[in-house]
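Q: Attaching a predicted model along with its sequence, questions to come.
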Amino acid sequence: WGITGTIGLSKASARSHLPGRIRADRDLARATRVAEKPRLLVIERDGHPGTSPRALLGDHYEIVTTRSTARALILLREQDFSGVYADTAQLSAIRWAGVMMQADEILDAISDGVAVVDPDLRILWANPEFQSLSDPAVEAIGSKFYRALGNPEVIGSDPCPFTSAVASRVPSGTVLRIGANRYLRVTVTPVFDAGKNLTQLIALTRDITDETQQQLKINAIHKAGDELADLTPEELAELGVEERTDLLKFNIVRHMKDLLGLDFIEIRVLDPSTSRLVPLLTEGMTPVAANRELYARKEGNGVTGFVA
């Protein structure tokens, strides 16, 4: 019948298909126009006075609306927009967000982890160093702060620096243990707007694993030293001199292995009259090494003699 796309159809059939084709063409044209529109992110508060930005700008832009600056910051990092629209009441927050975005390159380069969280402790932004500390199974952006770090154990004096920082309005910190004995010092700084309302919190994390493990080891050694001869009067009365010596040696070996990770241990006592280093305790040493004659001299007695 000469109608494009309906070859072999009757008049009635062609007429029945025509309205559907017209609607499909209109939908396609509308979708094409939307696809061609630049995307505009609109930060629109509840109770916005006057005509909504969607009504004013919808003919020229593909509108994406959010109710908060925090959510807008997430969208700007996840999606592409041609511009951002906000009313004058949001300008202070927008300026802050702009500063944060401009500082990305600097924050990406520093060795400390930095995370910006909202009042609900949900992460809005984090630099690469912080993300390297987070749980690989969790997407840091959008997750709660502690969840992103794998629900770490708090070993510092402050159980929650976020609560303390907000209450005191000054930075607060603590120490967290994450993963397999990795330690972080976390310092939280609250950010308030002109109306003294909490807007965000900035968490600075620093890996202090080496210094913390060193201090823990020193503390454990001090404690072990106190426990070496920690015997009650009754126990002392029951043990002979040789048994006390054996117990002391046993405790020394146990703590040296547990705290210092040593498999080969040799302790010698200096004889001041001869400068001879008399064997007192050995563990893991061969008989030849354990029974060698050593003196506290700079030469001819190896490292042991030189140190002594």
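A: Looks like it came in fine.
Q: which residues of the stretch 101-250 of the chain fall in strands?
A: Counting by DSSP state E, counting those that start in this stretch, the stretch 101-250 of the chain has strands at residues 113-117, 123-126, 153-154, 172-178, 182-192, 198-207.
Q: could I get those as TSV with mean pLDDT?
A: Shown next, in TSV, are these (pLDDT from 0 to 100):
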stretch	mean pLDDT
strand 113-117	93
strand 123-126	91
strand 153-154	92
strand 172-178	94
strand 182-192	94
strand 198-207	94
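Q: Quick one: the ones you listed as a markdown table, columns for distance to residue 239 and mean neighbour count too.
A: For glycine as for every other residue, the C-beta is placed from the backbone atoms N, C-alpha and C. What follows is the strands of the stretch 101-250 of the chain, written out as a markdown table (distance: least, C-beta to C-beta, whole Å; neighbours: other C-beta atoms under 10 Å):
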| stretch | distance to residue 239 | mean neighbour count |
| --- | --- | --- |
| strand 113-117 | 53 | 23 |
| strand 123-126 | 58 | 23 |
| strand 153-154 | 39 | 12 |
| strand 172-178 | 39 | 20 |
| strand 182-192 | 40 | 19 |
| strand 198-207 | 46 | 20 |
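Q: need these in JSON lines with distance to residue 164, can you?
A: Formatted as JSON lines, these follow (distance: least, C-beta to C-beta, whole Å):
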{"stretch": "strand 113-117", "distance to residue 164": "15"}
{"stretch": "strand 123-126", "distance to residue 164": "19"}
{"stretch": "strand 153-154", "distance to residue 164": "12"}
{"stretch": "strand 172-178", "distance to residue 164": "4"}
{"stretch": "strand 182-192", "distance to residue 164": "8"}
{"stretch": "strand 198-207", "distance to residue 164": "11"}
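Q: closest one to residue 279 among the ones you listed?
A: strand 182-192 (38.8 Å; C-beta to C-beta).
Q: For that closest one, output the C-alpha coordinates as PDB.
A: Extracted C-alpha coordinates of strand 182-192, given in PDB (Å, rounded to 0.1, in the frame of the first residue of the first chain):
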ATOM      1  CA  ARG A 182      48.800  -2.900  61.700                       C
ATOM      2  CA  TYR A 183      48.400   0.300  63.700                       C
ATOM      3  CA  LEU A 184      47.000   3.600  62.700                       C
ATOM      4  CA  ARG A 185      46.900   6.900  64.600                       C
ATOM      5  CA  VAL A 186      43.700   8.700  63.700                       C
ATOM      6  CA  THR A 187      43.100  12.400  64.300                       C
ATOM      7  CA  VAL A 188      39.600  13.800  63.700                       C
ATOM      8  CA  THR A 189      38.900  17.500  63.100                       C
ATOM      9  CA  PRO A 190      35.300  18.700  62.900                       C
ATOM     10  CA  VAL A 191      34.100  21.300  60.400                       C
ATOM     11  CA  PHE A 192      31.300  23.600  61.200                       C
END
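Q: all helices of the stretch 1-150 of the chain, in order?
A: Counting by DSSP state H, counting those that start in this stretch, the stretch 1-150 of the chain has these helices, from start to end: 11-36, 53-57, 69-78, 91-102, 104-109, 128-133, 145-148.
Q: Next, the buried residues of the shortest one.
A: To tie it back to what came earlier, the one meant is helix 145-148. For helix 145-148, the neighbour count (16 or more other C-beta atoms under 10 Å) marks 145, 148 as buried.
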